[in-house]
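J.: predicted model, plus sequence, below.
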Amino acid sequence: MRVAIAESLGERAFARLEEVGEVVYLPGHDPRQREWKEALQAADALLVRNRTRVDGQLLALAPRLRWVVRLGSGEDNVDRSLLSQKGVELYVPKGANAVGVAEYVLSALFHFARPLQEVSKRVKMGEWRRDLHQGWELYGKTLGILGLGETGMRVALRARSLGMRVVAWAPTKPSHSFLFAEFSVAPRELREVLQESDFLSLHLPLLPETERLLDEKAFALMKRGAVLINTARGGLVDEEALRVALAQGHLGGAVLDVRAKEPPLFPDPLASFPQVLLTPHLAGHTKESLERVAEAAVDWLLTRSAGPRWDPAGRP
């Protein structure tokens, strides 16, 4: 088995692949590079994260390709239908980084309730003003979740443990789904979630029907002072509409780990707001999450490459 790795993979997972085949790490993310062309020409499997586009241009360079693994949870950089047409199997280890993302959302919630780092800076500068740093509690506040998949469910579970009220819009799940009762989440329509939430956390895939879901009209429906947290896909948010909502003081803040264009253009209009936190697509980028994703991917790939197994009942 010949495996081409377009982006980072953990050392242990890399070593496991080397035991069963030839593994090539590809620098950069451009299939036109000579190293890419040579590796793809011979590759049986390709492992990518979010920066490499698996499209017609790439597949034309990989005539032997049988398996593609997307290391992460999104698929918007992979042409699934084209892979299917060419008989190439796609595997996405969904949920493997869900814990890391859920804990990132928690850290965003706590930041707005108790901005300890900002307060600490002031104390270190000699300021001792309790009257300027009154916090508030997450207990009793409403967290709205758009998308109740692996990550959304974990966010809901952790928020409920803090005594928060959780409402969710889950377009792929009926309102009678057991998930709502199991996780003590109140099912709502999209409009209702926007209107009720003190915090709004996005956990939807980027699809034609969800692109720029959070636009001017959506922000107008949100509570004054509400905070947006996006760890899903930047394309879910109309960034100009968000900028306006922040400039008008309608929104209390935003935490954006993902952007419509990554990296965003510089200077970044959203960077000028002190109530906006920006991180470089790292919500699921923890040591444990990276290892979990890599191991799940290698497990799947090794199972596929082993071929059919003998079954005593005569089944392949």
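T.: The structure has been received and is ready for your questions.

J.: and the helices in the protein, which stretches?
T.: Here the chain has its helices, by DSSP state H, at 11-18, 34-42, 56-60, 80-85, 98-113, 116-124, 150-161, 178-182, 190-196, 216-221, 239-247, 287-305.

J.: how about these, which one is nearest V167?
T.: For V167, the closest of these is helix 190-196, at 5.4 Å, according to CB to CB. Where C-beta positions appear, they are placed from N, C-alpha and C, glycine not excepted.

J.: what's in contact with the closest one?
T.: 142, 144-146, 167-169, 171, 188, 200, 213, 218, 221-223 (CB atoms under 8 Å, 6 or more residues apart in numbering).

J.: what's the answer for stretch 285-296, then?
T.: 8-10, 12-13, 71-72, 93, 96-97, 99-101, 103, 284.

J.: about what we covered before: out of the contacts of helix 190-196, which end up buried?
T.: Burial by neighbour count, judged by 16 or more other CB atoms under 10 Å, picks out 142, 144-146, 167-169, 188, 200, 213, 218, 222-223 from the contacts of helix 190-196.

J.: now, those that are in strands?
T.: Using DSSP state E, the subset of the buried ones among the contacts of helix 190-196 located in strands is T142, G144, I145, L146, V167, A168, W169, L200.

J.: residues near L132, how many?
T.: 9 (other CB atoms under 10 Å).

J.: residues near the residue nearest to it when sequence neighbours are not counted, how many?
T.: Nearest residue to L132 in three dimensions, chain neighbours excluded: R122, at 7.8 Å (CB to CB, 6 or more residues apart in numbering). Look at R122: counted by other CB under 10 Å, it has 13 neighbours.

J.: surely R122 touches R130?
T.: No. Counting by CB atoms under 8 Å, R122 stays clear of R130, with 11.1 Å between them.

J.: ok, back up a step: now, among the ones in strands among the buried ones among the contacts of helix 190-196, which is nearest to D79?
T.: L146 (25.2 Å).

J.: low pLDDT regions in this protein?
T.: 28-32, 306-316 (pLDDT under 70).

J.: spatially central residue for it, please.
T.: A232 (4.1 Å; CA atoms, centre = their mean).

J.: do you know how far D76 is from N230?
T.: Here D76 is placed at a distance of 14 Å from N230 (CB to CB, to the nearest Å).

J.: I should have written P208 there, sorry.
T.: 18 Å.

J.: those two: which is more packed in?
T.: N230 (25 against 5).

J.: the helices of the chain: which one's closest to A4?
T.: helix 34-42 (4.5 Å).

J.: in that closest one, what's buried?
T.: Counting neighbours by 16+ other CB under 10 Å, helix 34-42 gives W36, A39, L40 as buried.

J.: nearest to E239 among the residues you listed?
T.: W36 (31.5 Å).
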